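Q: quick one, fold the following:
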Amino acid sequence: MKKLLLIALLGALTACMSTDPYTGQQKASNTAKGAGIGAVTGAIIGAATSSDDDRKKGVLTGAVAGAAVGGGIGYYMDRQEAALRAKLEGTGVRVVREGDNIRLVMPSNITFGVDRYEVRPEFYSTLESVAIVLKEFNKTNIRIAGHTDSTGSAEYNQTLSERRAASVGQLLISQGVASGRVWATGYGERYAIADNGTESGRQANRRVELELVPIQ
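A: Now for the predicted structure:
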């Protein structure tokens, strides 16, 4: 059983290896990682649902099917990431890939006015570009998180972060993104990514993040 699982995993990963053009080294793409996970999962399911006589066949069949599904998710998110990077280049919005998830980081200084939760009119076009990609790649859910620095009371920051996240979500929905895919919340000052003791740190902490999660 273990040998069959190893064969399935190696086969899926080998099929999706890519070569770094600068170093010449081979590495596993996100598609490959997804295929590997899918292969192992499929193999386990195949083994569990097959009779003793057909177990080998069940493992291999399940691995192939699982690799196709897992690799497909990785490839889908690769394409979505590329589309977002093309649309958002030069806008100030960062695109971060985290496994099969994609995170968009929108600094508040380009998204909102000081102590305001309404989206700046000059930022509308950026969110419209995001909405175009989200509508094209509609097999992802969108988790919107508002964050603040530690200036002001915790209660005020919590409310401001919630309203900012909601404003971004509402604008995306107004551009045709299905409301059932959108979930918005605020975290106030709780999840700082920089030192609130400096101006640059506080500016980094004031942000809205969109996490795009593939629908399994």
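
Q: lowest-pLDDT helix or strand in the chain?
A: Least confident helix or strand of the chain, by mean pLDDT, DSSP states H and E, is strand 17-19 with a mean of 46.

Q: spatially nearest residue to Glu162, not counting backbone neighbours?
A: Nearest residue to Glu162, sequence neighbours excluded (Cβ to Cβ, 6 or more residues apart in numbering): Gly186, at 3.3 Å. Where C-beta positions appear, they are placed from N, C-alpha and C, glycine not excepted.

Q: separation between the one you found and Arg163?
A: Gly186 sits at a distance of 7 Å from Arg163 (criterion: Cβ to Cβ, to the nearest Å).

Q: compare the two and say which one has the larger neighbour count.
A: Remark: of Gly186 and Arg163, Gly186 carries more neighbours, 22 against 17, as counted by other Cβ atoms under 10 Å.

Q: for that one, what are phi and psi?
A: phi -120, psi 150 (degrees, to the nearest 10).

Q: which residues in the protein form helices?
A: Taking DSSP state H, the helices of the chain run over residues 2-15, 30-48, 55-88, 108-111, 124-136, 154-174, 199-205.

Q: which residues does Pro107 contact?
A: Gly92, Gln203, Ala204, Arg206, Arg207 (Cβ atoms under 8 Å, 6 or more residues apart in numbering).

Q: I'd like those residues as CSV, with distance to Val213, neighbour count and pLDDT appended.
A: Shown next, in CSV, are these (distance: Cβ to Cβ, whole Å; neighbours: other Cβ atoms under 10 Å; pLDDT from 0 to 100):
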residue, distance to Val213, neighbour count, pLDDT
Gly92, 23, 13, 98
Gln203, 27, 14, 97
Ala204, 24, 20, 97
Arg206, 24, 23, 98
Arg207, 18, 24, 99
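
Q: now do the buried residues in stretch 166-184.
A: Ala166, Ser167, Val168, Gly169, Leu171, Leu172, Ile173, Gln175, Val177, Arg181, Val182, Ala184 (16 or more other Cβ atoms under 10 Å).

Q: now render these as a markdown table, adding distance to Lys135 and pLDDT.
A: Below are the buried residues of stretch 166-184 laid out as a markdown table (distance: Cβ to Cβ, whole Å; pLDDT from 0 to 100):
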| residue | distance to Lys135 | pLDDT |
| --- | --- | --- |
| Ala166 | 20 | 99 |
| Ser167 | 19 | 99 |
| Val168 | 16 | 99 |
| Gly169 | 15 | 99 |
| Leu171 | 13 | 98 |
| Leu172 | 9 | 99 |
| Ile173 | 11 | 99 |
| Gln175 | 8 | 98 |
| Val177 | 6 | 99 |
| Arg181 | 10 | 98 |
| Val182 | 12 | 99 |
| Ala184 | 18 | 99 |
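
Q: no further questions, thank you.
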